[in-house]
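Visitor: What follows is a predicted structure for the sequence shown.
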Amino acid sequence: MENTKKYAAELIGTFWLTLGGCGAAVISAGFPDMGIGFLGVALAFGLTVLTMAYAIGHVSGCHLNPAVTLGLAAGGRFPSAQIVPYVVAQVAGAILGATVLFIIANGVDGFDAAASGFAANGYGAHSPGGYSLMSGFVAEVVLTMMFLFVIMGVTHGRAPVGFAPLAIGLALTLIHLISIPVTNTSVNPARSTGPALFAGGWAMAQLWMFWVAPLIGGVLGGVIYSWLSPTPTGDVEGGVPSQ
């Protein structure tokens, strides 16, 4: 039952991240005269993680991201036996979030998920700024690596207590401010999968990169931080500890 609650928390949290972050991009970013723009979308993604970290961090660790789960496992903070069920829950939550977003967005005459891009991630012709596959790959690896570095650091047993969700949310906001023009910012394979299913075509064809690059980055971040500052005995496993 305890594990079931963890998986449910990850599903709900990733649902919220996808609905909130991608919803801001699809519905609000380009709204005439009142659009929130890149800055608003970046804040939306950061706020989804910040709010869920406080809400479910004590339940599941609030990973919401297969790259975070794998990175924490690589860094010795998460049991490898739980990787697959966590990832399944996260992807299911992202698909559910994208489904609800599609239902809402489809309430406007003429809406077309494929034509709009539906907040899917892309490179080359489908990068918001026209950035190449190589640029996108490097950005996704490095930014995911630094995201894990921050997560590992602020959830360390010797880190200041109570500030982890705020730091993690702000880190994700910063990551989006850097890379929305490059790839529309993934750093999260689950978040990429949900919208890609509705955008179809090119989004599904390019989805591989938004699994491979963030997973590589997550492992690098987890391993590097665990070498830099090993976890004290008895430190909380899972990600965001109950503080």
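Guide: Good, I have the coordinates.

Visitor: And the pLDDT at the residue lying farthest from the centre of the chain?
Guide: Most distant residue from the mean C-alpha position of the chain: residue 109, 30.1 Å away (Cα atoms, centre = their mean). Looking at residue 109, its pLDDT stands at 90.

Visitor: ok, now how distant is it from residue 117?
Guide: 19 Å (Cβ to Cβ, to the nearest Å). C-beta: built from backbone N, CA, C; applies to glycine.

Visitor: just residue 164 next, same as before
Guide: 33 Å.

Visitor: Between the two, which has more neighbouring residues?
Guide: Neighbour totals were compared for residue 164 and residue 117, and residue 164 leads with 25 against 20 (other Cβ atoms under 10 Å).

Visitor: Quick check on the residue farthest from the centre of the chain: phi, psi?
Guide: phi -60, psi 130 (degrees, to the nearest 10).

Visitor: same deal with residue 159?
Guide: Per degrees, to the nearest 10, the backbone of residue 159 is at phi -80, psi 160.

Visitor: Neighbours of it, how many?
Guide: 17.

Visitor: Numbering from 6 from now on, please.
Guide: Understood, numbering begins at 6; the last thing we discussed is residue 164.

Visitor: Which residues are in contact with it?
Guide: By Cβ atoms under 8 Å, 6 or more residues apart in numbering, the residues touching residue 164 are residue 158.

Visitor: By mean pLDDT, point me to the weakest helix or strand of this structure.
Guide: helix 118-121 (a mean of 93; mean pLDDT, DSSP states H and E).

Visitor: Now the element after it, going C-ward?
Guide: Downstream of helix 118-121, the first helix or strand assigned by DSSP states H and E is helix 138-159.

Visitor: Any buried residues in that following helix, and which?
Guide: Neighbour counts using 16 or more other Cβ atoms under 10 Å place 140-142, 144-159 of helix 138-159 among the buried residues.

Visitor: Just the C-alphas of that helix, formatted as CSV.
Guide: Extracted C-alpha coordinates of helix 138-159, given in CSV (Å, rounded to 0.1, in the frame of the first residue of the first chain):
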residue,chain,number,x,y,z
LEU,A,138,19.9,18.4,-33.2
MET,A,139,23.4,18.8,-31.7
SER,A,140,22.5,22.1,-30.0
GLY,A,141,19.3,20.5,-28.6
PHE,A,142,21.1,17.4,-27.4
VAL,A,143,23.9,19.2,-25.6
ALA,A,144,21.3,21.6,-24.0
GLU,A,145,19.2,18.7,-22.8
VAL,A,146,22.1,16.7,-21.4
VAL,A,147,23.8,19.6,-19.6
LEU,A,148,20.6,21.2,-18.2
THR,A,149,19.3,17.9,-16.9
MET,A,150,22.7,17.2,-15.4
MET,A,151,22.6,20.5,-13.5
PHE,A,152,19.0,20.0,-12.5
LEU,A,153,20.0,16.7,-10.8
PHE,A,154,23.0,18.5,-9.3
VAL,A,155,20.7,21.0,-7.7
ILE,A,156,18.2,18.3,-6.5
MET,A,157,21.0,16.2,-5.0
GLY,A,158,22.5,19.2,-3.3
VAL,A,159,19.4,20.8,-1.8
